[in-house]
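Participant: Output the structure for:
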Amino acid sequence: MNDTIPQPPNDPRKSALANWVTLNTPDSWHPIELQSLGSDAGFRRYFRFQQPSQWLAVDAPPATEDSHQFIAIARLLRNQKVHSPEILAANPEQGFLLVEDMGDKLFFRAVDGTNADQFYTQAIDTLLQLHQSDDQPELIPRYDRALLRRELEIFTEWFAGKLLGYSLNGTEQQYLDQLFIELEDNALNQPQGFVHRDYHSRNLLVRSDGALGVIDFQGALWGGVTYDLVSLLRDCYVRWPTTQVTRWALYYRQRAIALQQIPNVSEQEFLRWFDWLGLQRHIKVLGIFARLQLRDNKSGYLQDLPLVIRYALEVASQYPELQEFATWFTQKLLPIAQQQPWYSDYRTAGDRP
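Facilitator: Below you'll find the model as predicted:
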């Protein structure tokens, strides 16, 4: 969730939500006033209406947000002993919810160089709890090849095409098609499990009891087990040294093998799963951040593009099979990106002072 932002003066959904909250909050005896906490990358908005706050009012427009899925996945997480928001009341047809307020202490703001090991170990342990979830195909969609391809094509359409104005020729399109097949193969051929899909520092909250709360999980899928790990460790909003990331990734491998969540694969094979699925994610995110600006008028994500570029090029440069992508991106797209107002030197993006 972002910081408090002003709301339009004429906001009928906010007024309707305020009336609904008044009717569904046990101790409300007079009309409440909603105070905005902002929104996320989707179209959900969050409001407080009391201090100290026990509940948040959520506006999740049913045209774009699936509140039924949010409720079901929240229940699944709680069954795995993972802290997700308790739901006091919900009207999915209207897109209104009352959910537990787990506070403002984002993992993003709480973690620093002195406590990083403690917090990231805790976040990985929480992820391992999520990966104990049973497969429920009727609840959790498959992260299949068709969906992986649709996500990768967001890069081609929105980042290369619409943000940078670059048109791929036939040879380039053929090469990217083959690269995408190889990235899809990696995602599909590694062990499959619960994928939060946005498991990173802005979707984890440090609760008052020290436990981690997990939010923004309603897009969960069943897919490659390293997806959430790389979302956490190669976070689009915060960067850690490569040696530290590798150490944390291998801690996950060791624990997942002990819990029999993955086979006893070598460190090299596991890190290839991790790196290649991370590249798939970061190629997709380049397109998503561009789309958030161009389609949804959410310009704040463009400043994070250089770090995403850095992740993508660092990984692609490590593997001979991916070197052609690194060369193509550097020669064709990077010079255009360098002319954009949002660009900063990707080679130092995310470095700490």
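
Participant: buried residues in the one helix or strand Gln118 maps to?
Facilitator: Per DSSP states H and E, Gln118 falls inside helix 116-130. Neighbour counts over helix 116-130 (16 or more other Cβ atoms under 10 Å) mark Phe119, Tyr120, Gln122, Ala123, Ile124, Thr126, Leu127, Leu128, Gln129, Leu130 as buried. Just so you know, the C-beta spots here come from the backbone N, C-alpha and C atoms, and that holds for glycine as well.

Participant: which stretches of the chain form strands?
Facilitator: Taking DSSP state E as the criterion, the chain carries its strands at 35-39, 45-48, 55-59, 87-91, 96-100, 192-195, 204-206, 212-214, 221-224.

Participant: returning to what we had before: ok, of the buried residues of helix 116-130, which one's closest to Gln50?
Facilitator: Thr126 (28.4 Å; Cβ to Cβ).

Participant: Let me know whether the closest one touches Val214 as I believe.
Facilitator: Yes: in this structure, Thr126 is within contact of Val214 by Cβ atoms under 8 Å, at 6.8 Å.

Participant: shared neighbours of the two, which are they?
Facilitator: The contact sets of Thr126 and Val214 overlap at Val82, Leu204 (Cβ atoms under 8 Å, 6 or more residues apart in numbering).

Participant: Comparing the strands of the chain by mean pLDDT, which bottoms out?
Facilitator: Set side by side, these differ in mean pLDDT, and strand 35-39 is lowest with a mean of 74.

Participant: residue boundaries of the helices in the stretch 101-250 of the chain?
Facilitator: Counting by DSSP state H, counting those that start in this stretch, the segments of the stretch 101-250 of the chain that form helices are 107-110, 116-130, 145-154, 170-189, 226-233, 242-258.

Participant: Quick one: closest of these to Gly95.
Facilitator: Ranking these by distance to Gly95, with Cβ to Cβ as the measure, places helix 145-154 first at 24.1 Å.

Participant: Tell me how far the closest one lies from the chain's centre.
Facilitator: What separates the centre of helix 145-154 from the centre of its chain is 16 Å, taken as Cα atoms, centre = their mean, to the nearest Å.

Participant: Just the C-alpha atoms of that helix, please, in CSV.
Facilitator: Output of helix 145-154 as CSV, limited to C-alpha atoms (Å, rounded to 0.1, in the frame of the first residue of the first chain):
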residue,chain,number,x,y,z
ARG,A,145,2.7,-22.3,-20.5
ALA,A,146,-0.1,-20.1,-21.9
LEU,A,147,-0.1,-17.8,-18.9
LEU,A,148,3.7,-17.6,-18.8
ARG,A,149,3.7,-16.6,-22.4
ARG,A,150,1.0,-14.0,-22.0
GLU,A,151,3.1,-12.5,-19.2
LEU,A,152,6.3,-12.5,-21.2
GLU,A,153,4.5,-10.8,-24.1
ILE,A,154,3.7,-7.9,-21.9
